[in-house]
Every structure is written in C-alpha cells, then in structure tokens.
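Visitor: give me a model of this one.
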Amino acid sequence: MKPRHPEKIHKPSNPIQRKPNWIRTRLTNSSIYSDTKKIVKNNNLHTVCEEAGCPNISECWSKKHATFMIMGDICTRACAFCNVKTGLPNQLDPNEHIRVANATKDLNLNHVVITSVDRDDLPDGGAEHFVKTISEIKKINPNTTVEILTPDFLRKGDVYKKIVDSKPDVFNHNIETVPSNYTKVRPGSRYFQSINLLKEVKDYDKQIFTKSGLMLGLGEKEEELFQVMDDLRCAHVDFLTLGQYLQPTEKHYPIKKFVPPEDFNKFEKIAYSKGFLQVSSSPMTRSSYHAGDDFIKLKEKRQKNLI
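Guide: Take a look at the predicted model:
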C-alpha cells in the first residue's frame, strides 16, 4: 500500500502526546451521520473532514455538515502539519463540480464550504475548477451561500480574480501559523503570498467577506500571533479563526503546547479589539466549524456597522 506521506517516511518520529481534558470529542453512529457518509460516498467525493482527520467530524456529520475537498485527494505540497495525502495528483475530474452541487442539494445545506488540495501542477492552480464548482452549486442551490477555502495560488498571477468573479460569499485562505514557523511547518508556502492574496481579493471586491485562520501550539510566541492579527487586519480580513493544532501521526510536526481555553478566550478579545468583525477561537475550532452560523453573525455585524 502506497504511504500517504512518502516525504515523511525517513523523518524522526515524534510521539503523540496525551491530550488534556479540555480536548474531547464525542463519537457518534447516528443515522444522520450515516446518511451524510452515504451521500458523500454515493457522489464519489472527498471531504477534508475525512482526509485531514478532523476531530469534529462526528458532530458536524451528525448535523449533515460536510466540507468538500475538490481536485482530488493528493496534494502537491508537503506541509508538516497536514494529514492529506501528498504526491503526484491525478487529472482533474471534469464532472466533479456537478457531483458537489448534487451532494449540496442532497444534504440540504444552507451554507456549504468548499476547499481543495494544492495543485501546483496546474497552470492556474485549479482556479477554473473552483469557478465551475461555485457556479454549479449556485445554479442547483440558489439559496445556498458558498464559502471557499483556497490554496495560496503561489506563482499563478491574478487567477484569484476569476474565482472572486464567480461570487462566493466568503473567500477563506488560511495563514496557518506565524512567519517564523514557515520553513519548518509550511515549507512550500510563503507568508506574504498568503497575506497579499487576502489583500488583493479584498481590493478587487470590497464587498466579499474574507477569512483566515491559524493553528496554535506550533511553538509560536504571543507577540508573533498578535503581529499576524495586525497583518491580517492590514489586509482587511473580516473573520479570524484560531484552533489547537493536533498532531495526526508520529511523523508529523510535534505539538509544542496545548493552549488552554482561557488563552483562546484572551486571544478572541484581543482579535476583536484589532477590528475583526467575527472571531472563532477555541481549542476545537477549525476553518469550517460552525461556518454557517458564523456567516450569519458576520453578515449581521457588517450590517450594523453600515447603519
């Protein structure tokens, strides 16, 4: 069987640490969870919930919430924190956008989150595939709001414009960690590429909601986190998510700290003081966790600011 992460085989092992009592998830085998799994499988789709080993999968799938991962299940990057398979990806599935739209309808989603693997092998990084997916969802599900979580489109020029033109409701790109960690945690990416992407998206369409997130517990210092918050606000990002990094396997980057809930509460208050419209900050927070409810709050807060 081909390993999920061939680039990590010869790396030193980092034992999985025992989780503190504030990090707990409940497993479920509810009928709704089974229905969600069946819909995903019948439409031959990938989800980041499964591929990245999200700890919230039981809760979300029991509410018929799933985050679809398009463009295959093999990523061209090799981030030290991520459990998605790495290697040479397959050709794009020309009908995937139709199946994503159908699954969105089958799940009766009011708000859908679409993410993807990195596809550095494609001339536009997969931007056109995002466009097709967004357009098809909106055609079949006109009342569903669409949130996308994109790669950084490194060295792909202004391909983000075609995605913005397809009118997703939220454009999310995760900064993931502080700059000092990039060479160890996110070696294939560039910090300011991510900041600039978020800024350019907002400059291109001032009405679109932008969003970004970080994992904590990777060895970052508080002052570094606060600087990233400032950088994101300089890019006019509306929504910030902060969650605890959880190490997928012994070959992945080790957890440097389990950040206690009271620190997440403190960071939330500081983020709001810096001007973010919406902040989700807790150990179990992930990019698409409660995304639909948070989007409603985000819209309400912008509306209040306009009055």
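
Visitor: which residues touch P6?
Guide: P6 sits next to T86, G87 when contact means C-beta atoms under 8 Å, 6 or more residues apart in numbering. All C-beta atoms are positioned from the backbone trio N, CA, C, and that covers glycine.

Visitor: so for the strand or helix carrying I195, what gets flagged as buried?
Guide: Counting by DSSP states H and E, the element that carries I195 is helix 191-204. For helix 191-204, burial by neighbour count (16 or more other C-beta atoms under 10 Å) applies to Y191, S194, I195, L197, L198, K199, V201, K202.

Visitor: grab the longest helix from the protein for me.
Guide: What stands out as the longest helix in the chain, according to DSSP state H, is helix 291-306.

Visitor: so which elements touch it?
Guide: Contact here means 3 or more C-beta pairs under 8 Å, 6 or more residues apart in numbering; DSSP states H and E; on that basis helix 291-306 packs against strand 111-116, strand 145-149, strand 170-172, strand 209-216, strand 278-281.

Visitor: that older thread, just the CA trace of the helix holding I195, in CSV.
Guide: In CSV, the C-alpha atoms belonging to helix 191-204 read as follows (Å, rounded to 0.1, in the frame of the first residue of the first chain):
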residue,chain,number,x,y,z
TYR,A,191,3.8,34.0,4.4
PHE,A,192,3.5,37.3,2.4
GLN,A,193,2.0,35.4,-0.6
SER,A,194,-0.9,34.5,1.7
ILE,A,195,-1.2,38.0,3.2
ASN,A,196,-1.1,39.5,-0.3
LEU,A,197,-3.7,37.1,-1.7
LEU,A,198,-6.2,38.1,1.0
LYS,A,199,-5.5,41.8,0.5
GLU,A,200,-5.7,41.6,-3.3
VAL,A,201,-9.0,39.7,-3.0
LYS,A,202,-10.5,42.4,-0.8
ASP,A,203,-9.1,45.2,-3.0
TYR,A,204,-10.6,43.5,-6.1
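
Visitor: who touches it?
Guide: Outside helix 191-204, the residues within contact range by C-beta under 8 Å, 6+ apart are 150, 152-154, 158, 160-161, 164, 171, 173-176, 179, 182, 208, 210, 212, 231-232, 234-237.

Visitor: low pLDDT regions in the stretch 1-150 of the chain?
Guide: Nowhere does the stretch 1-150 of the chain drop to pLDDT under 70.

Visitor: show me where it has its helices.
Guide: When assigned using DSSP state H, counting those that start in this stretch, the helices of the stretch 1-150 of the chain occupy the ranges 31-42, 48-51, 57-61, 96-106, 127-140.

Visitor: coming back round to it: can you redo the helices and strands packed on helix 291-306 as JSON lines with distance to N90 and mean neighbour count?
Guide: Output for the helices and strands packed on helix 291-306, formatted as JSON lines (distance: least, C-beta to C-beta, whole Å; neighbours: other C-beta atoms under 10 Å):
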{"stretch": "strand 111-116", "distance to N90": "13", "mean neighbour count": "24"}
{"stretch": "strand 145-149", "distance to N90": "21", "mean neighbour count": "22"}
{"stretch": "strand 170-172", "distance to N90": "25", "mean neighbour count": "24"}
{"stretch": "strand 209-216", "distance to N90": "28", "mean neighbour count": "24"}
{"stretch": "strand 278-281", "distance to N90": "34", "mean neighbour count": "22"}
